[in-house]
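Q: Kindly return the folded structure for what I paste below:
(one chain, ligands or ions: 1)
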Amino acid sequence: VNYYLNNIKTKAHLNAFVEVYEQSALEQAEQVDQKIKSGNSGKLAGMVIGIKDVLCYTGHEVNASSKILEGFESQFTATAVQKLLDEDAIIIGRLNCDEFGMGSSNENSVHGKVLNALDEERVPGGSSGGSAVAVQANLCTTSLGTDTGGSVRQPAAFTGLVGIKPTYSRVSRFGLIAYASSFDTIGVFSRNVKDNALVLEVIAGQDDNDSTVSRKEVPAYSQSIALDKKVKVAYLKETIASESLQPEIKAHTLEVLEQLKKEGHQVEEVDFPLLEYVLPTYYILTTAEASSNLSRFDGVKYGYRTPNAHNLESMYKMTRSEGFGEEVKRRIMLGTFVLSASYYDAYFTKAQKVRRLIKEFTEDLLNNFDYIVLPTTPSTAFKFGEHSDDPVAMYLEDLFTVQASVSGVPAISIPNGQDEKGLPIGLQILANSFKEAELYAFADYLM
Ligand code: GLN
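A: You can find the predicted model right below:
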C-alpha cells in the first residue's frame, strides 16, 4: 500500500485518482496482514484495487465525475466492492472517469481530464480512463471500471492492458450509478489475464439486491486458464474492411489470425451486414435509458442544488442546467426525443428490434464458432481535443466495442503490439454468454 501511495503522489498530475483512501487503505492492510499471518486470509489478500467514481462505498463520496453529485456520500456499498472487501482486497481510492460513463476519452469529467501515462498529450480512452491509467502507471494492482459500450475495453486498448466486459447480468449492478441499465456492466482492468480472472470470479454472481443478476454458478476462472483444444474463430469482414480502421491495427489483427491458422486453429471470415446499424442502435437505446435514469437528479434528493432558484420549477431547471455537463445534456435531450410520443415507434421501438437482430446474429455466430476476433478500436490513443468538437467522431470510436454490449455477450481486450508511434493496439475477443472462462483461456493463449 505504501508503494502505491507513493506512486500516486509522484504521478498525481496524471489525474487518475480523484480521492485516495490513504487512512482506510493502511488500516485494511494492517488487518489483512494479521489475517495472512493467522492463515485465514481471503482470495484477494493484499491485492490493491482502485474503483471507478460510479461505484458506491459507504462513508466515501461518489460523484460519477459530475457536478450534480458534488458532495454526495454513498449510503451503502456496491455489491462488487463489498465482495472485494470480503476477500481481503484493499481499496485504495476512487478513480476519475467521464461524467456518468458518457464518453470515450475521459475529457468529460468535472475532475478534469486523465493523462495517458505513455504519452501525456494523448487520451487514456474512456469512460473508465482513470481506472486504466491507475493500473498502467502502477498506482494499484487492478481496478474496477464499468463498460456500457466499451468503457473498459477501449481504455484497456489505449493503455496496453487487459480489460474485460463480462456477460450482462454476470456481476451485480447494485451500488453502481446507472447510465443505461440494460447495457451497464462492471469490468476489470489488469496487466495480465490471471489477475483479471481472479478479480472477476470474486465480484461475479448472485445478489439479492439486484434481481437482474444471473444465479448461474461462477466458475473459478483463475484456475482454468489453459487452452487445451483447437478452436474455431470467426472474424467479421466488415470490421477488417472498415475505412476508419488504422492500417497498423488492421495489419496486427490479420497477423494474429494468420498465426492462429498456422497453429492449426480454424479461422473463417464471415459477413456482418449489420455493422452499420450497431452504433445508431446503441446510441438510441442508451440515450433513452440515460434520460430516464438521470431524471432522479433534480436537486432534491442528491448532491448539488442551485443557489440561484426562485421557485420549485426553477430549482429543478437550474440545478440540472448547472449540474450536468454538455455531453450529458446532449444525451438527455436525444434520449427524451427518441422516447417522445411522436417519435417513440420510429426510433426507440425500431432500435429495440434492431438490437434483437444484432443479438441473434451474434449469438448464432457464437454457437458455430468459439470466438469472434476483431480490433478493439479503429485507432490508437488520439490527442486531447481531437474529437471534442465533434460528438459523432467521438461516438465512432465505439464502432467495434458496442456489438458485445448490444448483444450482452462477454468481451475482452488484450494488448496486440504497437503502432509506429509506439502506442498500444488492442485485440478484442468475444465469446457466447457466460463463457468468460473460455475467453480468459484464449486471451492468455494469445498473450
Ligand atoms: N463511449 C461509449 C459511450 O459514451 C461507451 C461508454 C461506456 O461504456 N460507459 O456511451
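
Q: Name the residues of this structure found near the ligand, please.
A: Selection of the chain residues close to the ligand by Cβ under 6 Å from any ligand atom yields 101-104, 127, 146-151, 179, 286, 398. In this view, the C-beta of every residue, glycine as well, is placed from N, C-alpha and C.

Q: If you rank the residues you listed by neighbours, which is first?
A: Using other Cβ atoms under 10 Å as the neighbour criterion, Ser151 leads the residues of the chain next to the ligand with 36 neighbours.

Q: Quick one, grab the pLDDT at it.
A: You'll see Ser151 listed with a pLDDT of 98.

Q: how about the nearest residue to it once chain neighbours are set aside, secondary structure?
A: Spatially, and ignoring its direct neighbours in sequence, Ser151 is nearest to Ser127 (4.2 Å; Cβ to Cβ, 6 or more residues apart in numbering). State at Ser127, reduced to three classes by DSSP: H, G, I helix; E, B strand; the rest coil: coil.

Q: surely Ser127 meets Asp98?
A: Yes. With contact defined as Cβ atoms under 8 Å, Ser127 counts as touching Asp98 (3.6 Å).

Q: and for the two, which residues touch both?
A: Ser104, Asn106, Asn108, Ser151 (Cβ atoms under 8 Å, 6 or more residues apart in numbering).

Q: isn't there a helix covering the first one?
A: When you say that, I think you mean Ser104. No. Counting by three-state DSSP, Ser104 is not part of a helix but coil.

Q: Check the gap between the residue in the stretch 101-250 of the chain that the ligand sits nearest to and Asn106 for me.
A: Using Cβ to the nearest ligand atom, the single residue of the stretch 101-250 of the chain nearest to the ligand is Ser151, 2.9 Å away. Between Ser151 and Asn106 the distance is 10 Å, computed by Cβ to Cβ, to the nearest Å.

Q: list residues touching both of these two?
A: In contact with both Ser151 and Asn106: Cys97, Asp98, Gly126, Ser127, Ser128, using Cβ under 8 Å, 6+ apart.

Q: I'd guessed the first one sits against Gly130; true?
A: By that I understand Cys97. Yes. The pair Cys97 / Gly130 is scored as a contact, 5.6 Å apart, by Cβ under 8 Å.

Q: can you give me the helices in the stretch 201-350 of the chain?
A: Applying DSSP state H, counting those that start in this stretch to the stretch 201-350 of the chain gives helices spanning 237-240, 247-262, 275-293, 312-323, 326-339, 350-368.

Q: Could I get the buried residue list for the first one?
A: Of all the residues in helix 237-240, those buried under the rule 16 or more other Cβ atoms under 10 Å are Thr239, Ile240.

Q: The last one now?
A: Of the residues in helix 350-368, Lys350, Ala351, Val354, Arg355, Ile358, Lys359, Phe361, Thr362, Leu365, Leu366 count as buried by neighbour count, 16+ other Cβ under 10 Å.

Q: now the angle from that helix to helix 326-339?
A: Going by axes from the mean of the first three to the mean of the last three Cα atoms, to 10 degrees, helix 350-368 is angled at 100 degrees with respect to helix 326-339.

Q: Quick check: next helix or strand after the host helix or strand of Tyr395?
A: Assigning secondary structure by DSSP states H and E places Tyr395 in helix 391-396. Using DSSP H and E, the helix or strand that follows helix 391-396 towards the C-terminus is helix 402-407.

Q: Provide the contact partners of that following helix at residue level.
A: Contacts of helix 402-407 (Cβ under 8 Å, 6+ apart): 147-150, 165, 168, 183, 185, 275, 278-279, 281-282, 285, 355, 358-359, 362-363, 410-411, 428, 430.
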